[in-house]
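Engineer: Okay, structure incoming, though there's no sequence with it:
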């Protein structure tokens, strides 16, 4: 998502340097204890957090609605997703699916030219994680959201830098989370929140912090990414930044169901007042499109309040820049809003125009605005696809009759540019599952290898470690199967024969 | 390894900007073709490279010995390892072990609060890989070495920036590799070499390059890491930089077999004239150590030539700085060398002294020099372990009688600071296996999540992609199992019900 990160302080009170140091010292001190806490106990603690949030659902949703201006129904669903996520990620580690052990017993005749020693690889927690909370999902991507759940599940202490958009909710969720963790036996210091831009920046530079995660705008995320990489000891930074989530409509689909596509498209890009990372900001349709014709006749939803004044201001600027751009025509618009409310708009242009100024016309506009781009033929359509920067999602609306080499080429192109590709569904649903991938090439994500949603999100906060020739007693349990008799032969200089493979 | 990267040009001829552009254009054009080449065909091409190198072994080893000054026996073993590696990584992808598919069928009652769509995740090649070759393994970490094998196996075109330390060998290996790839049916452009610092830097900034790998010094690797991260679109940079590979000797092991440990230690740290990334530069022993006593009586190997003048000069400077450091005493030294030859040395200091100037005394000295550090008690020993920067390896020499909570605490600490931990073996052997992990926290590696040796090294050059609601015909083969009847229901707006989980 592309909210502009604030440089001013919205927080009532910011974490002082002394308090930040205490938080980081406590997190650092908790790292070993939490890493060594049995996986089932970790899962119980995550479930305890889920339980306490569910118990306080009414209070929390009320608070969230007041601070975020999002509707109660949406927030109710989001809290359900959030507590499901805590339990689901916990059960993944309770089942030890995250460890991915690999065991290579010693092999004197290994064909590499030197004996293979006993090698066993598993994954261990990366250490203290700093999580920058997002504004647009006050539950699911905030204090006890996906990154927090993933890091805790991985066995890492978490420090959350709260988003100033919902300070009261953040404090209350933090209070409940802390209580649930403590009462379920998690070590002190395993979870804390901090507030303020300075505290977040300072924490990101602190040697005790070993990884960071972020969901937000491209400029804000890039600034933090640069800090993480400029440290004397750079750390992994998992930033989910911007995406316009293009939807490609084939000529056949446009003809067969243009009116349906138009209706569904409007529902998708205006969902949550367009404040979803996966909101489709680009609809690619053929010339003389039935979909576009239906959009011209459509009524857009009534204006609804955005998350913050800053986000509304940013939206209005970006929406106006698109609207007033040369070669861009209006298609539909809602009534004007007042206060925090955002008016929705649909605009139209051509592939040629879009490619003439991709930095404006193919850039994310965070809010309920979308651009319809018309293509003359499949070649022009596929040129546009190849030009797109990295995306969280890319969608094809097609028909059975489209399936063939030409469409396969388009979907392959989209797969290379996105983290998730969809067929005949809409991107604004990010299900929490094992197979989910919420990421993609930059700027969708700063780290194309990882997802921030689903159980694979846990892997970001683990790293591999190999044990060579270790006695069973000193190995993690998952690596003990069939250990050789190290105890009978503690002195084993065989590796000195292993000259060739040194590095 | 910590050879200082050269800023001057040793290359006979450097790749011109026009030639570099042609190389990158060809690699980019080959990316789709190579990605779509069947896995078994990719494996055949890797095996063809292995075969042609083996066929020319005598010629290549002769050339390598002349340029690198390494002994023929060592180079023979290294070439065996290199061709094994090409075949082994190829067979891994031929067996499709790298794809790691995950399939979540649609589930209308998914407890997240919204129906789960059909989601299927697999891994696709990341795109063109730029590989900076190393000097110290003219076969295994150079033109057709591990990074090249891993990237080609993953389905990525590779551009190798040759190391100036062995230009003739690099050109000949490149020629043979290109021939084998072409004759085995790989697309043109899938492999190329470039020479010169400028060409490497320019390539690293080029948008067509999607990932880079490097084995070399901390300053050189960090400079390239910074370039990769400063791009408008940052790319993953897999750098293997410095490590002192500490070896901790328990009091019991010191008493039981100090003389053996001393002998093995000398063999390990002088192997390859100390020019291994995993060379043990730090031996940690108890006060009044039998190991140290044995080292004082030991004879070090005769001086042997280093790889290049630059490396020898860097070694002599670093070795002298250690030798002349306050609180550091000489233990043993070989005769002085002449020309490219390096004299070996063993020095001794205490934990207190080492912690007083870790930047010098606990820093890598690339070459046959090692520091013995004496500890007063287990507490002091473990304090040193906790203070170490990231390491490729950390080793314990212990006895059965040591095994207990105190030793478990030490090995857990070492696991947190290293990519591989060893028990009663020596780090200077990096076996190519599935369970290997050659990496570690910075500065051992710039990316703690990955290994540069073993089949898991392939994963660096793959990234996840999720397919949602896709018809079987458009899915990669590994994701087709049990696909729902998408073809009967191409129009499926269910994801719009999926409001809560949007992001």
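Structural biologist: Arrived safely. Since the structure is predicted, the reported quantities are computational estimates derived from the model, not experimental observations. Numbering: from 1, shown residues only, chains lettered A, B, ... in the order given.
Engineer: And the residue of the stretch 301-450 of chain A found nearest chain B, how far from residue A:272?
Structural biologist: In the stretch 301-450 of chain A, the residue found nearest to chain B is residue A:429; the distance is 3.0 Å by C-beta to the nearest C-beta. (Glycine included, C-beta is placed from N, CA and C.) Going from residue A:429 to residue A:272 by C-beta to C-beta, to the nearest Å gives 11 Å.
Engineer: ok, the two, which is more surrounded?
Structural biologist: Legend: neighbour count by other C-beta atoms under 10 Å in any protein chain shown for residue A:429 and residue A:272, higher for residue A:429 (27 against 24).
Engineer: does the more buried one sit in a helix, a strand or a coil?
Structural biologist: coil (DSSP: H, G, I helix; E, B strand; the rest coil).
Engineer: For the spatially most central residue of chain A, what are phi and psi?
Structural biologist: For chain A, the residue nearest the mean C-alpha position is residue A:452 (3.5 Å; C-alpha atoms, centre = their mean). Torsion angles at residue A:452 (phi, psi; degrees, to the nearest 10) stand at phi -100, psi 0.
Engineer: Tell me if the longest helix along chain A is near chain B.
Structural biologist: Ranked by number of residues, the top helix in chain A under DSSP state H is helix A:72-94. Yes: under the criterion of C-beta under 8 Å from any C-beta of the partner chain, chain B is reached by helix A:72-94 at A:74, A:77, A:78, A:80, A:81, A:84, A:85, A:88.
Engineer: So for stretch A:332-350, first residue to last residue, what's the gap.
Structural biologist: Stretch A:332-350 has its terminal residues 17 Å apart, counting by C-alpha to C-alpha, to the nearest Å.
Engineer: what about the strands in the stretch 151-300 of chain A?
Structural biologist: A:158-161, A:191-194, A:209-215, A:237-240, A:247-249, A:282-286 (DSSP state E, counting those that start in this stretch).
Engineer: Figure out how far the first one is from the centre of its chain.
Structural biologist: Right, the one you point to is strand A:158-161. Offset of strand A:158-161 from its chain centre (C-alpha atoms, centre = their mean, to the nearest Å): 16 Å.
Engineer: quick one: strands adjacent to it?
Structural biologist: strand A:128-132 (parallel), strand A:191-194 (parallel) (DSSP bridges).
Engineer: deepest of those strands, which one?
Structural biologist: Among the strands paired with strand A:158-161, ranked by average contacts under mean count of other C-beta atoms under 10 Å in any protein chain shown, first place goes to strand A:128-132 (a mean of 28).
Engineer: how far off strand A:209-215 does that strand point, in degrees?
Structural biologist: 20 degrees (axes from the mean of the first three to the mean of the last three C-alpha atoms, to 10 degrees).
Engineer: How about the stretch 251-400 of chain A: which residue is closest to chain B?
Structural biologist: residue A:276 (4.3 Å).
Engineer: how close does residue A:418 get to residue B:412?
Structural biologist: 40 Å.
Engineer: Between the two, which is the more surrounded one?
Structural biologist: residue A:418 (28 against 17).
Engineer: Just to check, residue A:272 is in contact with residue A:138?
Structural biologist: No: counting by C-beta atoms under 8 Å, residue A:272 sits too far from residue A:138 to count as a contact (11.4 Å).
Engineer: can you list residues touching both of these two?
Structural biologist: Common contact partners of residue A:272 and residue A:138 (C-beta atoms under 8 Å, 6 or more residues apart in numbering or on different chains): residue A:70.
Engineer: okay, the closest residue to chain B within the stretch 51-200 of chain A: pLDDT?
Structural biologist: With C-beta to the nearest C-beta, the shortest gap between the stretch 51-200 of chain A and chain B falls at residue A:77, namely 2.9 Å. Looking at residue A:77, its pLDDT is 96.
Engineer: What is the burial count for it?
Structural biologist: 21.
Engineer: got it, and the one 4 residues further on?
Structural biologist: Using other C-beta under 10 Å as the criterion, residue A:81 is surrounded by 29 other residues.
Engineer: Give me the pLDDT value at it.
Structural biologist: On the pLDDT scale, residue A:81 gets 97.
Engineer: now swap in residue A:112 and tell me
Structural biologist: Note on residue A:112: pLDDT of 94.
Engineer: which residues does the closest residue in space to it that isn't next to it in sequence contact?
Structural biologist: Leaving aside its sequence neighbours, residue A:112 sits nearest to residue B:84 (C-beta to C-beta, 6 or more residues apart in numbering or on different chains; 4.6 Å). When contacts are counted by C-beta under 8 Å, 6+ apart, residue B:84 touches A:111, A:112, A:113, B:50, B:432.
Engineer: List only buried entries from these.
Structural biologist: A:112, A:113, B:50, B:432 (16 or more other C-beta atoms under 10 Å in any protein chain shown).
Engineer: Could you measure from the residue nearest to the centre of chain A over to residue B:291?
Structural biologist: For residue A:452, the distance to residue B:291 - C-beta to C-beta - is 49 Å.
Engineer: thinking again about what came up before, got JSON lines for the strands of the stretch 151-300 of chain A, with mean pLDDT and distance to residue B:176 too?
Structural biologist: Formatted as JSON lines, the strands of the stretch 151-300 of chain A follow (pLDDT from 0 to 100; distance: least, C-beta to C-beta, whole Å):
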{"stretch": "strand A:158-161", "mean pLDDT": "98", "distance to residue B:176": "51"}
{"stretch": "strand A:191-194", "mean pLDDT": "98", "distance to residue B:176": "56"}
{"stretch": "strand A:209-215", "mean pLDDT": "98", "distance to residue B:176": "42"}
{"stretch": "strand A:237-240", "mean pLDDT": "98", "distance to residue B:176": "40"}
{"stretch": "strand A:247-249", "mean pLDDT": "98", "distance to residue B:176": "44"}
{"stretch": "strand A:282-286", "mean pLDDT": "98", "distance to residue B:176": "46"}
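Engineer: what about these, which gets the closest to residue A:21?
Structural biologist: strand A:191-194 (10.8 Å; C-beta to C-beta).
Engineer: got a list of what residue A:179 touches?
Structural biologist: Contacts of residue A:179 (C-beta under 8 Å, 6+ apart): residue A:52.
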